[in-house]
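Chemist: next one to model:
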Amino acid sequence: MKTKMILLAALMFHLMTSYAQLSEKTENEPQNTSMKLMSTNDSKISIGGYAEINYNQPFGNDIRSNGELDVQRMVLLFAYQFNDRVDFVTEIEFEHVKEVFVEQAFIRYKLNEWMNLRAGLILIPMGIINEYHEPTTFNGVERPLIANTLIPTTWREIGIGFSGKFNDLGLKYQVYLVNGLNGYDDGTAKISGGGLRSGRKKGAESFMSSPNLSFKIDYYGISNLKLGFSGYLGKTQSTLFDGLDTNNDALVMMADSSRVGLNLFGIDARYNKDGFAFRGAYFAGSLTNTAEYNELTGKDVGSKLFGYYMEASYNLMRLFENKNEELVFFARYENYNTQSAVEAGTVKNDAYAVKQITTGLGYRIANGVVLKADLQFLKNKTQDSYAKQFNAGVAVWF
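Modeler: You can find the predicted model right below:
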């Protein structure tokens, strides 16, 4: 009898420990607004949103410049639950007051506990900021620079694929087939040596020459630590393939020259404990067929690119044992080159090799409201000194 009691106690202890570990991992799982809305079961429809209003003021170098004040973005998200297995999420974004975009619009069909089907306009799971771009989730008034130039945030494509998680392992995954970036559109080249940003179609009358593969694996099984590995494989799209006579070798060769192959990989990490937080991301990519593309279009696309940033921060309110508010001091260093290597016939442009230092404060006056201010110092290889800018802003997320 005594042995049975000991075994029963051991079993209960094991179950309680496993549950505690599972709960800890679940709480550590990274979530953005759409993920939070989909996890809400209180009502058929859920609403969320975020906004940022910013002020940017260049200064220094004996040059006077006007500052820019901008309602940079105002975003509303809606999720509707049709039943226990099917829901829909959409994100409507107003940029600079006058521009309207659909940033996400997809259905999720829960096939089982570890696999969901997603279809529609989907965020490309690359790095941190592209998925977790709500302004209260990152330090600094502006997003990291490589999340604009190297990774064309907010990068979204129309596609279909699967996502899921294994909470007992602290793992989640995403894998999608999507339309690729627009490389050539009715005589206009969209990709350049300066990056991929102009190739975004944003779900607006997108076309597809061939599907691309996007995937990411996240690990959150260790308390306070989040790790990610992502990849994007495929080719840019071209209108020259629309109605192409495959028997005309000259036209086929021209169409082939209007596309660039893109293999892009990234790793990212986030860690926080006792008021300290660290995060960083590194991306590396290779581009193929760039010599042919540059000859056809007159562009200067490189054959390799890379970029990374490292950031450290500390909540100064910890010094005063204030748990209701946060005053976060941070410093971030970035380095990227969208033309780190070129094929023969393409001249390197040192303006594409950029370094930036950002340091500042974020004052979290409520959960979901942050007042921000920072200084930025930016320089490329063609410059002898850093360009300077002061930024301030209001960030909201609910």
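
Chemist: CA only for contacts and neighbour counts going forward, please
Modeler: Fine.

Chemist: please name the nearest non-neighbouring residue to Ala373.
Modeler: Ala392 (4.2 Å; CA to CA, 6 or more residues apart in numbering).

Chemist: ignore what I typed, I meant Gly120.
Modeler: Closest to Gly120 by CA to CA, 6+ apart is Phe106, at 4.2 Å.

Chemist: for Asn32, what are its contacts?
Modeler: By CA atoms under 8 Å, 6 or more residues apart in numbering, Asn32 lies in contact with Glu131, Tyr132, His133, Glu134.

Chemist: rerun at 7 Å
Modeler: Glu131, Tyr132 (CA atoms under 7 Å, 6 or more residues apart in numbering).

Chemist: and the residue nearest the centre of the chain, how close does it get to Ala281?
Modeler: Nearest to the geometric centre of the chain sits Asn130, at 1.3 Å (CA atoms, centre = their mean). Asn130 is 12 Å from Ala281, where distance means CA to CA, to the nearest Å.

Chemist: surely Val301 meets Lys190?
Modeler: No - Val301 is beyond contact range of Lys190, at 10.4 Å (criterion: CA atoms under 7 Å).

Chemist: looking at those two, which one has more neighbours?
Modeler: Under the criterion of other CA atoms under 10 Å, the comparison of Val301 against Lys190 puts Val301 first, with 30 against 21.

Chemist: double-check that the more buried one belongs to a helix.
Modeler: No - counting by DSSP: H, G, I helix; E, B strand; the rest coil, one finds Val301 to be coil, located in no helix.

Chemist: can we start the residue count at 30 from this point?
Modeler: Sure, I'll start counting at 30 from here, so that last one is Val330.

Chemist: ok, and the closest non-adjacent residue to it?
Modeler: Gly222 (3.9 Å).

Chemist: low-confidence bits of the protein, can you list those?
Modeler: 30-55, 70-71 (pLDDT under 70).

Chemist: go with 50
Modeler: 30-31, 33-34, 36-38, 40-52 (pLDDT under 50).

Chemist: domain-wise, how is it divided?
Modeler: Listed by automatic domain parsing, the domain ranges of the chain are 30-58, 79-99+151-426.

Chemist: what's the most buried one of the ones you listed?
Modeler: domain 79-99+151-426 (a mean of 19; mean count of other CA atoms under 10 Å).

Chemist: first vs last residue of it, how far apart are they?
Modeler: 4 Å.

Chemist: and it, how far out from the chain middle?
Modeler: Taking CA atoms, centre = their mean, to the nearest Å, one finds domain 79-99+151-426 lying 6 Å from the centre of the chain it belongs to.

Chemist: the residue nearest to Val330: what's it in contact with?
Modeler: Going by CA under 7 Å, 6+ apart, Gly222 touches Asp329, Val330, Gly331, Thr367, Gln368.

Chemist: so the fourth one sits against Phe335, correct?
Modeler: Yes - using CA under 7 Å, Thr367 and Phe335 qualify as a contacting pair, with a distance of 6.3 Å.

Chemist: okay, and the common contacts of these two?
Modeler: Common neighbours of Thr367 and Phe335, using CA under 7 Å, 6+ apart, do not exist here.

Chemist: who does Phe246 bridge with?
Modeler: Not quite, residue 246 is Ile, not Phe. Per DSSP bridges, the residues bridged to Ile246 are Tyr202, Phe258.

Chemist: that one contacts Phe258, correct?
Modeler: Yes - counting by CA under 7 Å, Ile246 touches Phe258, with 5.4 Å between them.

Chemist: and the domains of the chain as a markdown table, adding distance to Glu142?
Modeler: Shown next, in a markdown table, are the domains of the chain (distance: least, CA to CA, whole Å):
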| stretch | distance to Glu142 |
| --- | --- |
| domain 30-58 | 14 |
| domain 79-99+151-426 | 8 |
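
Chemist: I'd like to know which of the ones you listed is closest to Leu66.
Modeler: domain 79-99+151-426 (12.7 Å; CA to CA).

Chemist: can you report how many residues lie near the residue nearest to Gly149?
Modeler: Close neighbours of Phe135, defined as other CA under 10 Å, add up to 21.

Chemist: residues contacting it?
Modeler: Phe135 touches Phe117, Val118, Thr119, Arg147, Ala148, Gly149, Leu150, Ile151, counting by CA under 7 Å, 6+ apart.

Chemist: give me the beta-bridge partners of the fifth one?
Modeler: Using DSSP bridges, the bridge partners assigned to Ala148 are Ile136, Ile189.

Chemist: list the contacts for it?
Modeler: Applying CA under 7 Å, 6+ apart, the residues near Ala148 are Phe135, Ile136, Arg137, Gly188, Ile189, Gly190.

Chemist: which pair in the residues you listed spans the largest distance?
Modeler: So, the contacts of Ala148 by CA to CA: farthest apart are Arg137 and Gly188, at 12.4 Å.

Chemist: give the buried residues for the helix or strand that contains Asp99.
Modeler: Element membership for Asp99, per DSSP states H and E: strand 97-110. Judged by neighbour count (16 or more other CA atoms under 10 Å), strand 97-110 contains these buried residues: Val100, Gln101, Arg102, Met103, Val104, Leu105, Leu106, Phe107, Ala108, Tyr109, Gln110.

Chemist: how about the helices in the stretch 230-379 of the chain?
Modeler: Remark: helices assigned in the stretch 230-379 of the chain by DSSP state H, counting those that start in this stretch are 278-286, 319-326.

Chemist: tilt between the last one and helix 278-286?
Modeler: Taking axes from the mean of the first three to the mean of the last three CA atoms, to 10 degrees, one finds that helix 319-326 is oriented at 110 degrees with respect to helix 278-286.

Chemist: alpha carbons only: can I get helix 319-326 in PDB?
Modeler: Written as PDB, here are the backbone C-alpha positions of helix 319-326 (Å, rounded to 0.1, in the frame of the first residue of the first chain):
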ATOM      1  CA  THR A 319      21.700  38.500 -62.200                       C
ATOM      2  CA  ALA A 320      24.100  39.100 -65.100                       C
ATOM      3  CA  GLU A 321      21.400  38.300 -67.600                       C
ATOM      4  CA  TYR A 322      18.800  40.400 -65.600                       C
ATOM      5  CA  ASN A 323      21.100  43.400 -65.400                       C
ATOM      6  CA  GLU A 324      22.000  43.300 -69.100                       C
ATOM      7  CA  LEU A 325      18.300  43.200 -70.000                       C
ATOM      8  CA  THR A 326      17.100  45.800 -67.500                       C
END
